[in-house]
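Trainee: here is my input; please provide its structure:
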Amino acid sequence: ACYIVCEYNEFHNNHNSEEGGFRMRTYLKKLSAAAVVMVVMMLCSLSVFAAPKIKEKEYKGNGVVELDFTTRVRYKNVKLTVKDAKGKKVSASIIEKDQDDFDFRIKKAKAGAVYTFTIKGIRKVSEKKYGTVKGKIRVPSLKGKVKVRKTEYDAKDRELGFDFDGLVKWKNPTVSVTDGSREYVVRIDEKGKDDLEVKVHQLQKGKTYRYEITGVSYKNDNTFKKITGTFTA
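Mentor: Below is the predicted model:
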């Protein structure tokens with residue numbers, strides 16, 4: 001404002017009123033444009049400060065992405081958008097949003113693809129304004145030996161479940177369970193697209209066992225390799 005007043009006085013001292021008025025209007029237009037830009041920049045910076053930072057992001061398999069934030073967060077009318085490398089929107093849904101993490105699923109996620117995600121309506125607990133979180137996630141190229149993401153034993157139903165880190169296919173599968181000295185009778189109950197359920201009896205709660213699965217590969221691969229690991233009943 002002081003700058004404009006000084007310019008205005010100078011114009012009146014050194015120029016006729018018509019020329020001074022024209023130059024003054026020009027300066028005011030420039031000032032108005034600059035003010036708009038500054039306001040926009042301030043609003044953008046507030047939005048950036050309000051949005052939490054991603055501490056860790058992980059592709060969990062079967063299209064599931066898990067985000068961990070550096071601080072606790074709040075949500076309001078949260079909206080998720082996911083796009084492929086060409087900028088085309090792909091179908092995605094929110095699985096769970098918690099105080100410090102956010103899980104979503106990309107429908108028909110392709111192995112090796114990179115996706116950009118945008119989460120609107122999220123803020124740090126310490127902020128009042130809601131902002132936007134953006135990031136990228138790469139879906140691993142699932143080839144070679146299938147990885148078991150999770151094992152769970154239900155003692156009541158005597159069911160042992162395996163969750164894999166991607167879509168799989170089967171070819172004469174077999175499953176065995178041992179404790180190092182004894183092999184237990186195992187019956188395959190259900191072969192899923194990304195999981196497996198078997199029945200196994202006489203396991204002791206709290207004891208560790210070893211499993212072996214054959215005849216399984218990733219859906220986009222033809223490498224049927226043996227999978228081994230341990231679990232606790």
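Trainee: show me what the spatially most central residue of the chain is bridged to.
Mentor: Closest to where the C-alpha atoms of the chain average out (CA atoms, centre = their mean) is residue 65, at 3.9 Å. On the basis of DSSP bridges, residue 65 takes part in beta bridges with residue 59, residue 104.
Trainee: my read: it touches residue 107, true?
Mentor: No - applying CB atoms under 8 Å, one finds residue 65 not in contact with residue 107, separated by 11.9 Å. (Each C-beta comes from the backbone N, C-alpha and C, glycine too.)
Trainee: identify the contacts common to those two.
Mentor: Between them, residue 65 and residue 107 share no contacting residue under CB atoms under 8 Å, 6 or more residues apart in numbering.
Trainee: sorry, back to before: and the residue nearest to the centre of the chain, what does it touch?
Mentor: Applying CB under 8 Å, 6+ apart to residue 65 gives the contacts 57-59, 103-106, 117, 137.
Trainee: at 7 Å what do you get?
Mentor: With contact set as CB atoms under 7 Å, 6 or more residues apart in numbering, residue 65 has these partners: 57, 59, 103-104, 106, 137.
Trainee: again, but for residue 182
Mentor: By CB under 7 Å, 6+ apart, no residues touch residue 182.
Trainee: quick check: it vs residue 151, distance?
Mentor: Using CB to CB, to the nearest Å, we find residue 182 at a distance of 19 Å from residue 151.
Trainee: quick one: the helices in the chain, in order.
Mentor: 2-14, 17-50 (DSSP state H).
Trainee: which of these has the lowest mean pLDDT?
Mentor: Within the helices of the chain, confidence is poorest for helix 2-14, with a mean of 48 (mean pLDDT).
Trainee: which residues of the protein score low on pLDDT?
Mentor: Along the chain, the parts satisfying pLDDT under 70 run over 1-49.
Trainee: residue contacts, residue 54?
Mentor: Neighbouring residues of residue 54 by CB under 7 Å, 6+ apart: 67, 69, 133, 135.
Trainee: repeat for residue 214
Mentor: Contacts for residue 214 (CB under 7 Å, 6+ apart) come out as 173-174, 226.
Trainee: can you do 6 Å?
Mentor: If you count contacts by CB atoms under 6 Å, 6 or more residues apart in numbering, residue 214 has them with 174, 226.
Trainee: which residues does it form beta bridges with?
Mentor: Taking DSSP bridges as the rule, residue 214 bridges to residue 174.
Trainee: just checking, residue 230 touches residue 210?
Mentor: Yes - contact criterion CB atoms under 6 Å: residue 230 and residue 210 qualify, at 5.2 Å.
Trainee: just checking, residue 100 touches residue 72?
Mentor: Yes - contact status for residue 100 versus residue 72: in contact at 5.4 Å, counting by CB under 6 Å.
Trainee: just among the contacts of residue 65, which is most surrounded?
Mentor: Ranked by neighbour count (other CB atoms under 10 Å), the contacts of residue 65 have residue 106 at the top, with 22 neighbours.
Trainee: skip the chain neighbours and tell me the closest residue to that one.
Mentor: In space, and not counting its chain neighbours, residue 106 is closest to residue 63: 4.4 Å by CB to CB, 6 or more residues apart in numbering.
Trainee: can you check residue 203 too?
Mentor: Nearest-residue entry for residue 203: residue 233, 4.1 Å, with adjacent residues in sequence omitted and distances by CB to CB, 6+ apart.
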